[in-house]
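Engineer: Pasted the sequence and its predicted model underneath.
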Amino acid sequence: MPQPSHNPIADQPAFKFIDLFAGCGGLSLGLMRAGWKGHFAVEQDSLALSTFKNNLIEGHPQCQYNWPDWLPKEKMDVGSLLKYHEGQLAALNGKIDLIAGGPPCQGFSLAGRRKPDDRRNQAIRQYFAMVRLIKPKLLLIENVRGITVEFGKKRRERENRNHIGRPVKPFSVIIQEELEAYGYRVFSNIIKAMDFGVPQFRPRFIMIAVAEDYFRKEMADPFTALYERREEFLKLKGLKASTPVTVRDAISDLEIRGKRLITCIDSPDFQQLLYGGPRTPYQRLMNDNFGNNPNSMRLAKHRPETIARFEKILDTCRRGVQLNRHDRNSFGLNKHCTVPLDADKPCHTLTTLPDDFLHYSEPRILTAREYARLQSFPDWFEFQGKYATGGYLRTMECPRYTQIGNAVPPLVAECLGGVLKDLAMPVTKQTAATAA
């Protein structure tokens, strides 16, 4: 595997973090590129863990976990970690600077069937147990913006009061109250990925908590600091702060029309583009001197009638807008979400289903690598396992498209990582005197 290019930001002093609910590693990758050092991570899906291990445990020296000997490098949930390794975790008390993690979001998502009693919502309780045991200086939680909305406030929830009952306070409030009770100063906001160089609107809830006994009065609000460093961060990446990165900026080098196709390097029964190199500043940033054919470039095998339908959608429907019910019916589409991409705007929030989005100029769905580009994963980052899963397995497995769609965009995580590093800096005599 080729190594990523030199990253001067990562040469700065490192602080230790743990990534809970790690997925394929978008959050970890961004934090490491901001100079953080990963201690260990937890992921319960074997496919996502395979990608995580390949890139961040056994992969590049610049982006690699310093894994403890006592913890197996295998799939595990946080509950099992607490059950079987409580002693080792307790020994980390005061030695970990940051616990980061995005608990499963399906129970909160405004795009799904929000349920206050969704078992996946309860993963946050395991997060709390880790916080009480390890007591890090900082906490970082990422989730969908639906976590800020009271259950029972959406129309279909009001129409189903027998199930929902009275409105339930947002989980974001429950989390904040719990962390404040543990002695943390809590800050939260909704940020958009496109503000940090990601070619995707992707609004996300971010919560940052600072231990009260570590908090200093001169500390700025973390989100004020985040946006203050935004312009310089994008400049370092060769991107403009004045205009967002568009879909075309991100994936035009992966268009196949008029290009040579070859046997897919990681799926021999399919074809892929013979990659010719980056064209735009964002593509050069993502290619990261990789140069060769990235993995996960498998092209879907669409039937002729499917291609014809996609061509008609591209010819007649508004770009960047989800097809309405009338259009879906006219094209014989049974699925709820189909969006022909607008080449000249950022993409709307990626889902985990590969057929939710159509390429802006070619009658096909996106490749997993194009998905990864829209999430700001570098080309050297290799995804593992099956590409997609159908039927009931969609709620049980994390194939490549799901891994990518669920991930924290690494560019967002990297900019957040810079802010968190400033918060984690040791208290000097001068700052202590100022705080006093």
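Structural biologist: All right, it came through fine. Numbers count the residues shown, from 1 in each chain.

Engineer: Who does Leu20 form a beta bridge with?
Structural biologist: Beta bridges link Leu20 to Gly101 when assigned by DSSP bridges.

Engineer: residues touching it, list them.
Structural biologist: Residues near Leu20 by CB atoms under 8 Å, 6 or more residues apart in numbering: 41-42, 78, 99-101, 103, 126-127, 130. For glycine as for every other residue, the C-beta is placed from the backbone atoms N, C-alpha and C.

Engineer: show me where the stretch 201-350 of the chain has strands.
Structural biologist: 203-211, 261-263, 271-273, 339-340 (DSSP state E, counting those that start in this stretch).

Engineer: I'd like those strands written out as TSV, with mean neighbour count, mean pLDDT and distance to Thr243 added.
Structural biologist: Formatted as TSV, those follow (neighbours: other CB atoms under 10 Å; pLDDT from 0 to 100; distance: least, CB to CB, whole Å):
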stretch	mean neighbour count	mean pLDDT	distance to Thr243
strand 203-211	21	96	19
strand 261-263	12	97	33
strand 271-273	20	97	27
strand 339-340	21	96	22
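
Engineer: how about those strands in a markdown table, adding distance to Met396?
Structural biologist: Converted to a markdown table, the strands of the stretch 201-350 of the chain look like this (distance: least, CB to CB, whole Å):
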| stretch | distance to Met396 |
| --- | --- |
| strand 203-211 | 24 |
| strand 261-263 | 31 |
| strand 271-273 | 28 |
| strand 339-340 | 26 |
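
Engineer: and Ser242, which of the ones you listed is closest to it?
Structural biologist: Taking CB to CB, strand 203-211 is the member of the strands of the stretch 201-350 of the chain nearest to Ser242, at 20.2 Å.

Engineer: Given that closest one, what are its sheet partners and their directions?
Structural biologist: Strand 203-211 pairs in its sheet with strand 138-144 (antiparallel), strand 184-192 (antiparallel), by DSSP bridges.

Engineer: got the domain boundaries for this protein?
Structural biologist: Domain ranges of the chain: 8-242+410-435, 247-406, per automatic domain parsing.

Engineer: And those, which one averages the lowest pLDDT?
Structural biologist: Among the domains of the chain, domain 8-242+410-435 carries the lowest mean pLDDT, a mean of 85.

Engineer: okay, the strands paired with strand 203-211, which one's buried deepest?
Structural biologist: Highest mean neighbour count of these: strand 138-144, a mean of 24 (counted as mean count of other CB atoms under 10 Å).

Engineer: Now find how far off-centre that strand is within its chain.
Structural biologist: When distances are taken as CA atoms, centre = their mean, to the nearest Å, strand 138-144 is centred 11 Å away from the chain's centroid.

Engineer: Export it to CSV, keeping only CA atoms.
Structural biologist: What follows is strand 138-144, C-alpha atoms only, in CSV (Å, rounded to 0.1, in the frame of the first residue of the first chain):
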residue,chain,number,x,y,z
LEU,A,138,-12.3,15.9,26.5
LEU,A,139,-15.2,14.2,24.9
LEU,A,140,-16.3,14.4,21.3
ILE,A,141,-19.7,13.1,20.1
GLU,A,142,-20.9,13.2,16.4
ASN,A,143,-24.4,12.4,15.4
VAL,A,144,-27.2,13.3,13.0
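
Engineer: give the contact list for the closest residue to Thr246 other than its chain neighbours.
Structural biologist: Nearest residue to Thr246, sequence neighbours excluded (CB to CB, 6 or more residues apart in numbering): Asp344, at 5.3 Å. Counting by CB under 8 Å, 6+ apart, Asp344 touches 246-248.

Engineer: Just those: which are in helices?
Structural biologist: Taking DSSP state H as the definition of helices, those contribute 247-248.

Engineer: buried subset of the contacts of Asp344?
Structural biologist: 246-248 (16 or more other CB atoms under 10 Å).

Engineer: Please identify which of the contacts of Asp344 is nearest to Gln375.
Structural biologist: The closest of the contacts of Asp344 to Gln375 turns out to be Val247 (CB to CB; 12.3 Å).

Engineer: State the distance from the closest one to Gln322.
Structural biologist: Separation of Val247 from Gln322 (CB to CB, to the nearest Å): 15 Å.

Engineer: okay, now the residue lying closest to Thr367 once chain neighbours are set aside: neighbour count?
Structural biologist: Nearest residue to Thr367, sequence neighbours excluded (CB to CB, 6+ apart): Met297, at 5.2 Å. Met297 is flanked by 25 other residues according to other CB atoms under 10 Å.

Engineer: For Met297, grab phi and psi.
Structural biologist: phi -100, psi 20 (degrees, to the nearest 10).

Engineer: and it, what does it touch?
Structural biologist: Residues near Met297 by CB under 8 Å, 6+ apart: 254, 264-265, 272-273, 275, 367-369.

Engineer: Show only the entries of those residues found in helices.
Structural biologist: 368-369.

Engineer: Now, of the contacts of Met297, which are buried?
Structural biologist: Neighbour-count burial (16+ other CB under 10 Å) applied to the contacts of Met297 gives 254, 264, 272-273, 275, 367-369.

Engineer: Dump the residues you listed to JSON lines, plus distance to Asp315.
Structural biologist: Formatted as JSON lines, the buried ones among the contacts of Met297 follow (distance: CB to CB, whole Å):
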{"residue": "Leu254", "distance to Asp315": "22"}
{"residue": "Cys264", "distance to Asp315": "29"}
{"residue": "Gln272", "distance to Asp315": "26"}
{"residue": "Leu273", "distance to Asp315": "23"}
{"residue": "Tyr275", "distance to Asp315": "28"}
{"residue": "Thr367", "distance to Asp315": "22"}
{"residue": "Ala368", "distance to Asp315": "26"}
{"residue": "Arg369", "distance to Asp315": "26"}
